[in-house]
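Undergrad: sequence and predicted structure, then a few things I'm wondering about:
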Amino acid sequence: MVDRGIVRILVTEEEIKRVVKRLGAEVTAFYGQRDKRDTDLLVIGLLRGSFVFMADLVREIKLPLTVDFMALSSYGDGTTSSGDVKVVMDLDTSVEKRDVLIVEDIVDTGRTFSKVIRMLKNRNPRSLRVCTFLNKPESRVVDVKVDFCGVDIPNEFVVGYGLDYAQEYRNLPYIGVLDQALL
Ligand code: IMP
Ligand code: MG
């Protein structure tokens, strides 16, 4: 059954599970290949959108790790990026000399990732990689290298699995396309 306001399901629950397992395995292989005693993995989730994906992803990473969160805002309640990314809540932990993996729900223009990467690089992590569940390659304005990428999607406004429209729909267990009439 499709929920109210959703015109199409883009990524089903089953597909989400498969993608998250694949990403977890990629991340585990990448950091696991390094000297384990040396790896000090800190997984940083960007709030609020990444909270569902983050919870699933860390359970598929079979390595010791710690987590922290950061809140940024660029969208307000609309669907077009303002281009101005603000830090609403900063990290609680130091990233210095740590292996940092930033986790995002979706990369759209690339502005959010680019801003966070610049900011965290200044704090001298040992390594910095980025992981996103969804990617909209057609909407990119700022070039960012995505190290671990879940699913490429077309340039449509989607909700669910943590992603919102005006703070709603985050609890849908799938990724759906929102009815244009609601936007
Ligand atoms: P960027 O800075 O343009 O890459 O945008 C990233 C942020 O925009 C994401 O973290 C989301 O919060 C939001 N965003 C971009 N596209 C969508 C979408 O289709 N649905 C919901 N949120 C989106
Ligand atoms: Mg977000």
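TA: Done, it's in. Ligands and ions are numbered 1, 2, ... in the order given.
Undergrad: surely Gly162 touches Arg48?
TA: Yes: taking CB atoms under 8 Å as the definition, Gly162 is a contact partner of Arg48 at 7.4 Å. Every C-beta, even on glycine, is put in place using the N, C-alpha and C of the backbone.
Undergrad: tell me which parts of this protein are close to ligand 1?
TA: Residues of the chain found near ligand 1 (CB under 6 Å from any ligand atom) are 49, 74-75, 81, 104-112, 157-159, 163.
Undergrad: repeat that with 5 Å
TA: Contact residues (CB under 5 Å from any ligand atom) of the chain with ligand 1: 49, 81, 106-112, 157-158, 163.
Undergrad: a markdown table for those, including secondary structure and distance to Leu23?
TA: Listed next are those as a markdown table, based on DSSP: H, G, I helix; E, B strand; the rest coil; distance: CB to CB, whole Å:
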| residue | secondary structure | distance to Leu23 |
| --- | --- | --- |
| Gly49 | coil | 16 |
| Ser81 | coil | 24 |
| Ile106 | strand | 14 |
| Val107 | strand | 14 |
| Asp108 | coil | 19 |
| Thr109 | coil | 22 |
| Gly110 | coil | 19 |
| Arg111 | helix | 23 |
| Thr112 | helix | 19 |
| Phe157 | coil | 23 |
| Val158 | strand | 18 |
| Leu163 | strand | 17 |
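Undergrad: quick one: least confident of these?
TA: By pLDDT, Ser81 ranks lowest within those, coming in at 60.
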